[in-house]
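J.: everything below, folded, please.
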Amino acid sequence: MQWKGFCAAALFGGLMIAGCKSAPELTQAQALSLVQADYDHGQPQGISIQVNDLGMRQGATAKYWDRTKIYPNHYWADFKLTPDGKKVVQLANGGDTIEWRPESADDTHYSIRMITVQANHLKARSMGDITDEMITGVDTAKGADFTEGVDMTGVPDTLQQIAHNPGNQLSTKRHVDFALANGAWTVHAVQ
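T.: Below you'll find the predicted structure:
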């Protein structure tokens, strides 16, 4: 009788173990691909660029804007976007006149924000180590840190140079959470 009980328990335990499936592996390459697919599914966006004094000079040389007014203090000025400038940037305020108002002639920290007309999807790169995580409402989860960067495809060279001037952040460290859903890994959230 004990022998039959032991055999039944062993058989039941074996069936339980055989019925349990472990989560599929999630490699760094797969994780990166999932995040990029998530980004590509979203709306493309222009790149926000802080334009400092050097950038203003580079943009004027590229004929993106022309000075239309200089003020009596000789360091305030108004610049109007040219037709070529309107093809590559939009001002944050939606207008077409740059109101350049630094604190002094030596103010190296003053900048204005522009957004590229060329809209692209963000790019995911440099996926870190993938670790098990606990996420509320998710049975099986993993997470990793990665680098999110802007995509400059289609952005003119001069505007790319301006974007690489000090004050611009073209990449950011992010964290992604993955959830196992119906036997496949999905992006749960990017933070």
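J.: now do the SS call for Lys63.
T.: With DSSP: H, G, I helix; E, B strand; the rest coil as the basis, Lys63 sits in coil.
J.: for it, give me the pLDDT.
T.: pLDDT for Lys63: 98.
J.: separation between it and Asp107?
T.: Separation of Lys63 from Asp107 (CB to CB, to the nearest Å) stands at 25 Å. Where C-beta positions appear, they are placed from N, C-alpha and C, glycine not excepted.
J.: try Ala119
T.: Taken as CB to CB, the span from Ala119 to Asp107 is 31 Å.
J.: go on, Ala62?
T.: Taken as CB to CB, the span from Ala62 to Asp107 is 23 Å.
J.: ok, Ile115 next?
T.: Ile115 sits 23 Å away from Asp107, going by CB to CB.
J.: what do you get for Thr131?
T.: From Thr131 across to Asp107, the span is 46 Å (CB to CB).
J.: the two - which one has more neighbours?
T.: More neighbours surround Asp107 than the other of Thr131 and Asp107, with 13 against 10 (other CB atoms under 10 Å).
J.: shouldn't the more buried one be within a strand?
T.: No - going by three-state DSSP, the assignment for Asp107 is coil, not a strand.
J.: name the element Ala29 belongs to?
T.: Applying DSSP states H and E as the criterion places Ala29 in helix 28-41.
J.: Gly59: what secondary structure?
T.: Here Gly59 is recorded as helix under three-state DSSP.
J.: could you give the number of residues near it?
T.: For Gly59, the neighbour count with other CB under 10 Å is 25.
J.: not counting sequence-adjacent ones, nearest residue to it?
T.: Spatial nearest neighbour of Gly59, excluding adjacent residues (CB to CB, 6 or more residues apart in numbering): Trp65 at 5.5 Å.
J.: may I have the beta-bridge partners of that neighbour?
T.: Leu81 (DSSP bridges).
J.: who's in contact with it?
T.: With contact taken as CB atoms under 8 Å, 6 or more residues apart in numbering, Trp65 is in contact with 56, 59, 79-82, 85, 98.
J.: how about 6 Å then?
T.: Counting by CB atoms under 6 Å, 6 or more residues apart in numbering, Trp65 touches 59, 79, 81, 85, 98.
J.: just the residues you listed now: which is nearest Val150?
T.: Distance ranking of these against Val150, using CB to CB, places Gly59 first at 18.3 Å.
J.: that closest one and Asp84, how far apart?
T.: 10 Å.
J.: can I see the domain layout of the chain?
T.: Domain ranges of the chain: 24-44+121-190, 48-116, per automatic domain parsing.
J.: and the closest residue to Gln191 other than its chain neighbours, which of the three is it?
T.: Spatial nearest neighbour of Gln191, excluding adjacent residues (CB to CB, 6+ apart): His175 at 4.8 Å. With three-state DSSP as the basis, His175 sits in strand.
J.: His175 pairs with what?
T.: With DSSP bridges applied, His175 shows beta-bridge pairing to Asp145.
J.: next: Ile112.
T.: Following DSSP bridges, Ile112 is listed with bridge partners Val51.
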